[in-house]
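In: 3D, please:
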Amino acid sequence: MELTLIKTKTFKLEPFGKFFISMARHPKKAPHIIDFRELEIDCDTKMPFTKEQEKEIIKIMKKNKTDIFTDNNYSNYTRVSGGEYGSLGRVKHPNLTFYRENDSFRELIDSTYK
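Out: Modelled structure (predicted):
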């Protein structure tokens, strides 16, 4: 039996903060740098990109200097591996929650890391 399953979902995403996800062995300690090993990825939410979608996502990330997106429903997303080109997956991290809830932390991130 051969079976092809495709799932689709429409996302209305916006850049979120000025966060950088680091895969370095010993990343710098700064509030805007999120260690990949500390990032909680909800694998059940991963949605694969097309080649064109991934290029557009990367372009928006570079333009806005962030690796994180939000859908304004208190969910955050980023590029994760999987699929032919990569996937969009929901992520959680304490700094992302703190950024959403604390005005002074938000100002620190947005003003210091331009």
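In: Per-residue pLDDT of the residue most central in space within the chain, please?
Out: Residue closest to the mean C-alpha point of the chain, counted by C-alpha atoms, centre = their mean, is residue 78 at 2.2 Å. On pLDDT, residue 78 comes in at 95.
In: does it really touch residue 21, like I thought?
Out: Yes. Between residue 78 and residue 21 there is a contact at 6.4 Å, judged by C-beta atoms under 8 Å. No exception for glycine: its C-beta is placed from N, CA and C like everyone else's.
In: what's the overlap in contacts for those two?
Out: Counting by C-beta atoms under 8 Å, 6 or more residues apart in numbering, the contacts common to residue 78 and residue 21 are 39, 67, 68.
In: In this structure, where's the longest helix?
Out: Across the chain, the longest stretch assigned as helix under DSSP state H is helix 51-64.
In: Just name whatever secondary elements that one is in contact with.
Out: Counting by 3 or more C-beta pairs under 8 Å, 6 or more residues apart in numbering; DSSP states H and E, the packing neighbours recorded for helix 51-64 are strand 14-15, strand 76-80.
In: where does this structure have low pLDDT?
Out: In the predicted model, the chain carries pLDDT under 70 at residues 83, 113-114.
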